[in-house]
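Enquirer: for reference, the sequence and a predicted model appear below.
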Amino acid sequence: MTSRRLRLAGVLARRGAQGVGVAVVVSVLCFLLVLRLPGDAAYRIAAGRYGYDLVDQEAAAAVRAELGLDRSAWHRLGDWLIDLAQLDFGTSLVTSRPVAEEVGYYLLGTLQLAAVALAFAVVIGAGAGVLAARRPSGPVDRLTTAWVASVRAVPPFLLGLLLVVVFSAQLELLPAVGHGTPASLVLPAATLGLGLSGLFARVTRDAVVEVRSSEYVQFARTKGLAERWVLLRHVVRNAAVLVVPYLGVQAVVLIEGVVVVESLFSWQGLGHALVHAVFWRDVPVLQATALVLALLIVAVNTAVDLVVLWLDPRPRGSGVSA
(Lines give C-alpha, C1' and ligand atoms only; values in the text may rest on other atoms or scores of the structure.)
Protein backbone atom coordinates (compact mmCIF):
# COMPACT_ATOMS: atom_id res chain seq x y z
CA MET A 1 0.00 0.00 0.00
CA THR A 2 2.87 2.34 0.80
CA SER A 3 4.40 1.67 -2.62
CA ARG A 4 1.12 2.48 -4.35
CA ARG A 5 0.80 5.74 -2.41
CA LEU A 6 4.33 6.71 -3.37
CA ARG A 7 3.60 6.02 -7.02
CA LEU A 8 0.35 7.99 -6.77
CA ALA A 9 2.18 10.94 -5.25
CA GLY A 10 4.83 10.67 -7.97
CA VAL A 11 2.20 10.75 -10.72
CA LEU A 12 0.45 13.79 -9.24
CA ALA A 13 3.73 15.66 -8.66
CA ARG A 14 4.98 14.94 -12.17
CA ARG A 15 1.74 15.97 -13.82
CA GLY A 16 1.45 19.06 -11.62
CA ALA A 17 4.90 20.24 -12.70
CA GLN A 18 3.98 19.48 -16.29
CA GLY A 19 0.84 21.59 -15.94
CA VAL A 20 2.84 24.59 -14.72
CA GLY A 21 5.29 24.28 -17.59
CA VAL A 22 2.48 23.92 -20.12
CA ALA A 23 0.76 27.04 -18.76
CA VAL A 24 3.86 29.19 -19.25
CA VAL A 25 4.79 27.81 -22.68
CA VAL A 26 1.28 27.99 -24.11
CA SER A 27 0.77 31.56 -22.84
CA VAL A 28 4.01 32.78 -24.39
CA LEU A 29 3.41 31.01 -27.70
CA CYS A 30 -0.13 32.38 -28.00
CA PHE A 31 1.07 35.90 -27.29
CA LEU A 32 3.85 35.64 -29.88
CA LEU A 33 1.39 34.19 -32.39
CA VAL A 34 -0.93 37.17 -32.07
CA LEU A 35 2.00 39.55 -32.55
CA ARG A 36 2.81 37.84 -35.86
CA LEU A 37 -0.74 38.05 -37.22
CA PRO A 38 -1.22 40.62 -40.01
CA GLY A 39 -3.36 43.71 -39.57
CA ASP A 40 -3.93 46.27 -36.85
CA ALA A 41 -4.93 44.56 -33.61
CA ALA A 42 -6.60 47.71 -32.28
CA TYR A 43 -8.73 48.00 -35.43
CA ARG A 44 -9.80 44.35 -35.19
CA ILE A 45 -10.72 44.71 -31.52
CA ALA A 46 -12.71 47.87 -32.26
CA ALA A 47 -14.49 46.07 -35.09
CA GLY A 48 -15.35 43.24 -32.71
CA ARG A 49 -16.83 45.73 -30.28
CA TYR A 50 -18.72 48.05 -32.58
CA GLY A 51 -18.90 46.28 -35.95
CA TYR A 52 -16.95 47.02 -39.12
CA ASP A 53 -19.50 49.59 -40.32
CA LEU A 54 -19.01 51.78 -37.23
CA VAL A 55 -15.27 51.55 -36.73
CA ASP A 56 -12.71 54.07 -37.97
CA GLN A 57 -9.15 55.14 -37.18
CA GLU A 58 -10.30 57.28 -34.25
CA ALA A 59 -12.12 54.33 -32.69
CA ALA A 60 -9.05 52.15 -33.22
CA ALA A 61 -6.80 54.78 -31.64
CA ALA A 62 -9.13 55.00 -28.63
CA VAL A 63 -9.04 51.24 -28.19
CA ARG A 64 -5.25 51.23 -28.50
CA ALA A 65 -4.92 53.87 -25.79
CA GLU A 66 -7.52 52.23 -23.54
CA LEU A 67 -5.93 48.78 -23.66
CA GLY A 68 -2.33 49.95 -23.64
CA LEU A 69 -1.55 48.29 -26.97
CA ASP A 70 1.09 50.95 -27.60
CA ARG A 71 3.18 49.54 -24.75
CA SER A 72 6.02 47.12 -25.48
CA ALA A 73 5.03 43.52 -26.18
CA TRP A 74 7.25 42.18 -23.40
CA HIS A 75 5.62 44.54 -20.90
CA ARG A 76 2.18 43.24 -21.81
CA LEU A 77 3.36 39.63 -21.71
CA GLY A 78 4.89 40.17 -18.27
CA ASP A 79 1.59 41.58 -16.99
CA TRP A 80 -0.24 38.53 -18.31
CA LEU A 81 2.15 36.06 -16.65
CA ILE A 82 1.92 37.91 -13.34
CA ASP A 83 -1.88 37.82 -13.52
CA LEU A 84 -1.76 34.15 -14.52
CA ALA A 85 0.28 33.33 -11.42
CA GLN A 86 -2.56 34.91 -9.42
CA LEU A 87 -5.18 32.95 -11.46
CA ASP A 88 -6.47 36.24 -12.85
CA PHE A 89 -7.30 35.85 -16.55
CA GLY A 90 -8.39 39.47 -16.94
CA THR A 91 -11.28 40.67 -19.11
CA SER A 92 -12.09 40.18 -22.75
CA LEU A 93 -10.83 42.97 -24.99
CA VAL A 94 -14.00 42.72 -27.11
CA THR A 95 -16.87 41.99 -24.72
CA SER A 96 -15.29 43.43 -21.51
CA ARG A 97 -16.58 40.38 -19.66
CA PRO A 98 -14.34 38.42 -17.26
CA VAL A 99 -12.37 35.88 -19.26
CA ALA A 100 -12.89 33.24 -16.57
CA GLU A 101 -16.67 33.45 -17.06
CA GLU A 102 -16.44 33.20 -20.84
CA VAL A 103 -13.96 30.33 -20.79
CA GLY A 104 -16.01 28.50 -18.14
CA TYR A 105 -19.09 28.71 -20.37
CA TYR A 106 -17.22 27.41 -23.41
CA LEU A 107 -15.44 24.74 -21.38
CA LEU A 108 -18.79 23.25 -20.36
CA GLY A 109 -19.80 23.01 -24.01
CA THR A 110 -16.56 21.27 -24.98
CA LEU A 111 -16.79 18.81 -22.08
CA GLN A 112 -20.35 17.92 -23.07
CA LEU A 113 -19.35 17.32 -26.66
CA ALA A 114 -16.19 15.38 -25.77
CA ALA A 115 -17.95 13.18 -23.22
CA VAL A 116 -20.74 12.16 -25.61
CA ALA A 117 -18.31 11.60 -28.48
CA LEU A 118 -15.96 9.51 -26.32
CA ALA A 119 -18.85 7.44 -24.94
CA PHE A 120 -20.05 6.90 -28.50
CA ALA A 121 -16.60 5.74 -29.60
CA VAL A 122 -16.07 3.47 -26.58
CA VAL A 123 -19.45 1.74 -26.81
CA ILE A 124 -19.24 1.09 -30.54
CA GLY A 125 -15.48 0.53 -30.71
CA ALA A 126 -15.16 -1.69 -27.64
CA GLY A 127 -18.21 -3.75 -28.58
CA ALA A 128 -16.98 -4.31 -32.12
CA GLY A 129 -13.44 -5.04 -30.89
CA VAL A 130 -14.55 -7.70 -28.40
CA LEU A 131 -16.79 -9.36 -30.99
CA ALA A 132 -13.99 -9.33 -33.56
CA ALA A 133 -11.56 -10.86 -31.07
CA ARG A 134 -13.79 -13.88 -30.46
CA ARG A 135 -13.08 -15.14 -33.99
CA PRO A 136 -9.90 -13.61 -35.45
CA SER A 137 -10.02 -13.43 -39.26
CA GLY A 138 -13.75 -14.14 -39.10
CA PRO A 139 -16.53 -12.08 -40.71
CA VAL A 140 -16.82 -9.60 -37.82
CA ASP A 141 -13.05 -9.17 -37.73
CA ARG A 142 -12.97 -8.39 -41.46
CA LEU A 143 -15.85 -5.95 -41.11
CA THR A 144 -13.99 -4.23 -38.26
CA THR A 145 -10.90 -3.87 -40.43
CA ALA A 146 -13.00 -2.32 -43.20
CA TRP A 147 -14.64 -0.01 -40.66
CA VAL A 148 -11.27 1.21 -39.39
CA ALA A 149 -10.06 1.96 -42.91
CA SER A 150 -13.23 3.80 -43.90
CA VAL A 151 -13.64 6.08 -40.89
CA ARG A 152 -9.95 6.96 -40.73
CA ALA A 153 -9.81 7.80 -44.43
CA VAL A 154 -12.41 10.58 -44.07
CA PRO A 155 -11.26 13.86 -42.41
CA PRO A 156 -13.53 15.11 -39.58
CA PHE A 157 -14.73 18.18 -41.47
CA LEU A 158 -15.71 16.06 -44.50
CA LEU A 159 -17.40 13.45 -42.31
CA GLY A 160 -19.32 16.24 -40.59
CA LEU A 161 -20.47 17.66 -43.91
CA LEU A 162 -21.61 14.21 -45.05
CA LEU A 163 -23.62 13.77 -41.85
CA VAL A 164 -25.20 17.21 -42.34
CA VAL A 165 -26.16 16.39 -45.92
CA VAL A 166 -27.73 13.05 -44.97
CA PHE A 167 -29.38 13.68 -41.61
CA SER A 168 -30.10 17.40 -41.84
CA ALA A 169 -30.54 18.33 -45.49
CA GLN A 170 -31.98 15.08 -46.86
CA LEU A 171 -33.75 13.34 -43.96
CA GLU A 172 -34.38 16.54 -41.93
CA LEU A 173 -33.97 14.61 -38.68
CA LEU A 174 -31.34 16.71 -36.92
CA PRO A 175 -30.30 20.38 -36.94
CA ALA A 176 -27.16 21.24 -38.88
CA VAL A 177 -26.02 23.88 -36.39
CA GLY A 178 -26.97 25.02 -32.92
CA HIS A 179 -26.20 24.67 -29.24
CA GLY A 180 -27.92 23.81 -26.00
CA THR A 181 -30.29 21.01 -27.08
CA PRO A 182 -29.72 17.24 -27.21
CA ALA A 183 -30.61 17.19 -30.91
CA SER A 184 -27.94 19.76 -31.77
CA LEU A 185 -25.33 17.65 -29.96
CA VAL A 186 -25.86 14.50 -32.01
CA LEU A 187 -24.14 15.42 -35.28
CA PRO A 188 -20.96 17.00 -33.82
CA ALA A 189 -20.60 14.16 -31.30
CA ALA A 190 -21.12 11.57 -34.03
CA THR A 191 -18.53 13.29 -36.21
CA LEU A 192 -15.91 13.02 -33.48
CA GLY A 193 -17.03 9.64 -32.15
CA LEU A 194 -17.12 7.84 -35.49
CA GLY A 195 -13.56 8.81 -36.23
CA LEU A 196 -12.39 7.41 -32.90
CA SER A 197 -14.52 4.26 -32.86
CA GLY A 198 -12.73 2.52 -35.71
CA LEU A 199 -9.22 2.60 -34.25
CA PHE A 200 -10.57 1.97 -30.78
CA ALA A 201 -12.23 -1.19 -32.12
CA ARG A 202 -8.93 -2.31 -33.63
CA VAL A 203 -6.92 -1.66 -30.45
CA THR A 204 -9.55 -3.41 -28.31
CA ARG A 205 -9.56 -6.37 -30.68
CA ASP A 206 -5.76 -6.73 -30.60
CA ALA A 207 -5.64 -6.39 -26.80
CA VAL A 208 -8.36 -9.00 -26.25
CA VAL A 209 -6.73 -11.44 -28.69
CA GLU A 210 -3.38 -11.03 -26.93
CA VAL A 211 -4.85 -11.55 -23.45
CA ARG A 212 -7.02 -14.51 -24.51
CA SER A 213 -3.95 -16.32 -25.84
CA SER A 214 -1.97 -15.77 -22.62
CA GLU A 215 -1.01 -18.64 -20.32
CA TYR A 216 -3.04 -17.49 -17.32
CA VAL A 217 -6.24 -17.32 -19.40
CA GLN A 218 -5.57 -20.79 -20.75
CA PHE A 219 -5.05 -21.97 -17.16
CA ALA A 220 -8.37 -20.39 -16.14
CA ARG A 221 -10.08 -22.43 -18.85
CA THR A 222 -8.47 -25.64 -17.60
CA LYS A 223 -10.03 -24.99 -14.18
CA GLY A 224 -13.43 -25.34 -15.80
CA LEU A 225 -14.53 -21.69 -15.74
CA ALA A 226 -17.25 -20.82 -18.21
CA GLU A 227 -16.09 -18.70 -21.12
CA ARG A 228 -18.12 -15.67 -20.00
CA TRP A 229 -16.46 -15.75 -16.57
CA VAL A 230 -13.04 -16.10 -18.17
CA LEU A 231 -13.88 -13.05 -20.26
CA LEU A 232 -15.18 -10.96 -17.33
CA ARG A 233 -12.67 -11.97 -14.63
CA HIS A 234 -9.46 -12.33 -16.60
CA VAL A 235 -9.67 -10.97 -20.12
CA VAL A 236 -11.51 -7.66 -19.70
CA ARG A 237 -9.45 -6.22 -16.85
CA ASN A 238 -6.09 -7.21 -18.29
CA ALA A 239 -7.08 -6.00 -21.75
CA ALA A 240 -8.15 -2.71 -20.18
CA VAL A 241 -4.58 -2.18 -18.95
CA LEU A 242 -3.54 -2.16 -22.60
CA VAL A 243 -6.55 -0.22 -23.91
CA VAL A 244 -6.84 2.59 -21.34
CA PRO A 245 -3.55 4.33 -22.32
CA TYR A 246 -4.69 4.30 -25.93
CA LEU A 247 -8.04 5.70 -24.83
CA GLY A 248 -6.15 8.58 -23.24
CA VAL A 249 -4.29 9.23 -26.49
CA GLN A 250 -7.57 9.29 -28.40
CA ALA A 251 -9.07 11.65 -25.82
CA VAL A 252 -6.19 14.03 -26.56
CA VAL A 253 -6.93 13.75 -30.28
CA LEU A 254 -10.58 14.38 -29.45
CA ILE A 255 -9.74 17.60 -27.60
CA GLU A 256 -7.68 18.77 -30.58
CA GLY A 257 -10.49 17.88 -32.99
CA VAL A 258 -13.09 20.03 -31.28
CA VAL A 259 -11.59 23.15 -32.89
CA VAL A 260 -12.69 22.03 -36.37
CA VAL A 261 -15.94 20.32 -35.41
CA GLU A 262 -17.21 23.09 -33.12
CA SER A 263 -16.59 25.68 -35.81
CA LEU A 264 -18.34 23.50 -38.41
CA PHE A 265 -21.47 23.00 -36.32
CA SER A 266 -21.39 26.38 -34.48
CA TRP A 267 -21.17 24.51 -31.18
CA GLN A 268 -20.36 26.87 -28.31
CA GLY A 269 -17.14 25.32 -27.04
CA LEU A 270 -13.48 26.12 -26.55
CA GLY A 271 -12.63 25.47 -30.20
CA HIS A 272 -15.33 27.89 -31.32
CA ALA A 273 -14.08 30.49 -28.82
CA LEU A 274 -10.46 30.00 -29.91
CA VAL A 275 -11.22 30.69 -33.56
CA HIS A 276 -13.16 33.85 -32.76
CA ALA A 277 -10.50 35.06 -30.32
CA VAL A 278 -7.85 34.74 -33.05
CA PHE A 279 -10.05 36.59 -35.54
CA TRP A 280 -10.82 39.48 -33.17
CA ARG A 281 -7.30 39.56 -31.65
CA ASP A 282 -8.82 39.01 -28.21
CA VAL A 283 -5.51 38.05 -26.61
CA PRO A 284 -6.74 37.28 -23.05
CA VAL A 285 -9.49 34.97 -24.34
CA LEU A 286 -7.09 33.37 -26.81
CA GLN A 287 -4.46 32.69 -24.17
CA ALA A 288 -6.96 31.42 -21.60
CA THR A 289 -8.74 29.18 -24.11
CA ALA A 290 -5.52 27.66 -25.43
CA LEU A 291 -4.31 27.24 -21.86
CA VAL A 292 -7.44 25.37 -20.81
CA LEU A 293 -7.22 23.10 -23.87
CA ALA A 294 -3.59 22.30 -23.04
CA LEU A 295 -4.37 21.66 -19.37
CA LEU A 296 -7.22 19.37 -20.42
CA ILE A 297 -4.62 17.23 -22.18
CA VAL A 298 -2.52 17.15 -19.00
CA ALA A 299 -5.63 16.22 -16.99
CA VAL A 300 -6.46 13.39 -19.39
CA ASN A 301 -2.93 12.01 -19.15
CA THR A 302 -3.12 12.21 -15.36
CA ALA A 303 -6.45 10.36 -15.31
CA VAL A 304 -5.03 7.65 -17.58
CA ASP A 305 -2.02 7.16 -15.27
CA LEU A 306 -4.30 6.85 -12.25
CA VAL A 307 -6.68 4.40 -13.93
CA VAL A 308 -3.80 2.21 -15.12
CA LEU A 309 -2.34 2.32 -11.60
CA TRP A 310 -5.68 1.13 -10.23
CA LEU A 311 -6.13 -1.61 -12.85
CA ASP A 312 -2.55 -2.88 -12.67
CA PRO A 313 -0.94 -1.88 -9.35
CA ARG A 314 2.41 -3.53 -10.10
CA PRO A 315 5.38 -1.42 -11.26
CA ARG A 316 5.38 -0.60 -14.95
CA GLY A 317 7.26 -2.92 -17.19
CA SER A 318 6.43 -6.10 -15.27
CA GLY A 319 3.91 -7.28 -17.88
CA VAL A 320 0.23 -8.12 -17.67
CA SER A 321 -1.06 -10.86 -15.46
CA ALA A 322 -4.33 -12.17 -14.12
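Expert: Received, thanks. Numbering: from 1, shown residues only.
Enquirer: Cys30 touches Pro284, doesn't it?
Expert: No - between Cys30 and Pro284 there is no contact under Cβ atoms under 8 Å: 10.0 Å. The C-beta positions use only the backbone N, C-alpha and C, and glycine is treated the same way.
Enquirer: any low-confidence regions in the stretch 201-322 of the chain?
Expert: The model of the stretch 201-322 of the chain has pLDDT under 70 over residues 213-242, 244-245, 248-253, 256, 311-322.
Enquirer: where along it do the helices fall?
Expert: 215-222, 227-230, 236-265, 270-280, 283-311 (DSSP state H, counting those that start in this stretch).
Enquirer: could you break the protein into its assigned domains?
Expert: Per the TED database, the domain ranges recorded for the chain read 1-86, 99-311.
Enquirer: correct me if wrong: Ala114 contacts Val261.
Expert: No - contact between Ala114 and Val261 fails when scored by Cβ under 8 Å: they sit 10.1 Å apart.
Enquirer: between those two, which has more neighbouring residues?
Expert: Legend: neighbour count by other Cβ atoms under 10 Å for Ala114 and Val261, higher for Val261 (26 against 22).
Enquirer: which residues does that one contact?
Expert: Shown in contact with Val261 (Cβ atoms under 8 Å, 6 or more residues apart in numbering): Leu113, Pro156, Phe157, Gly160, Pro188, Thr191, Leu192, Trp267, Gly271.
Enquirer: next one: Ala41
Expert: Here Ala41 is in contact with Val34, Leu69, Arg281, Val283 (criterion: Cβ under 8 Å, 6+ apart).
Enquirer: from Phe120, how far out is the residue lying closest to Leu162 once chain neighbours are set aside?
Expert: Closest residue in space to Leu162, ignoring its immediate chain neighbours: Val154 at 7.4 Å, by Cβ to Cβ, 6 or more residues apart in numbering. Distance of Val154 to Phe120, computed by Cβ to Cβ, to the nearest Å: 16 Å.
Enquirer: neighbour count: these two, which is higher?
Expert: In terms of neighbours (other Cβ under 10 Å), Phe120 is the more surrounded of Val154 and Phe120; the figures are 19 against 15.
Enquirer: let me know the pLDDT of Ala133.
Expert: If you check Ala133, the pLDDT there is 78.
Enquirer: Lys23: neighbouring residues, count only.
Expert: Just to correct that, residue 23 is Ala rather than Lys. Neighbours around Ala23, by other Cβ under 10 Å: 19.
Enquirer: from the contact counts, what lies against the helix or strand encompassing it?
Expert: Using DSSP states H and E, Ala23 sits in helix 2-36. If you count contacts as 3 or more Cβ pairs under 8 Å, 6 or more residues apart in numbering; DSSP states H and E, helix 2-36 packs onto helix 73-85, helix 283-311.
Enquirer: between those, which one is nearest to Val148?
Expert: Across these, Val148 has its closest neighbour in helix 283-311 (21.9 Å, Cβ to Cβ).
Enquirer: quick revisit: intersection of neighbour lists for Ala114 and Val261?
Expert: Each of Leu192 lies in contact with both Ala114 and Val261 under the rule Cβ under 8 Å, 6+ apart.
Enquirer: hang on, the earlier thing: show me which pair in the contacts of Ala41 is furthest apart.
Expert: Longest span within those, Cβ to Cβ: Val34 and Leu69, 10.8 Å.
Enquirer: check which helix or strand covers the residue lying closest to Thr204 once chain neighbours are set aside.
Expert: Nearest residue to Thr204 in three dimensions, chain neighbours excluded: Gly129, at 2.7 Å (Cβ to Cβ, 6+ apart). For Gly129, the enclosing helix or strand under DSSP H and E is helix 99-134.
Enquirer: contacts for the helix or strand just after that helix?
Expert: Beyond helix 99-134 in the direction of the C-terminus, DSSP H and E gives the next helix or strand as helix 139-153. Applying Cβ under 8 Å, 6+ apart, the contact partners of helix 139-153 are 128-129, 131-135, 159, 194-195, 197-199, 201-202, 205.
Enquirer: report the buried residues of the helix or strand just after helix 139-153.
Expert: Using DSSP H and E, the next helix or strand after helix 139-153 towards the C-terminus is helix 156-163. Neighbour-count burial for helix 156-163 flags Pro156, Leu159, Gly160, Leu161, Leu163 (criterion: 16 or more other Cβ atoms under 10 Å).
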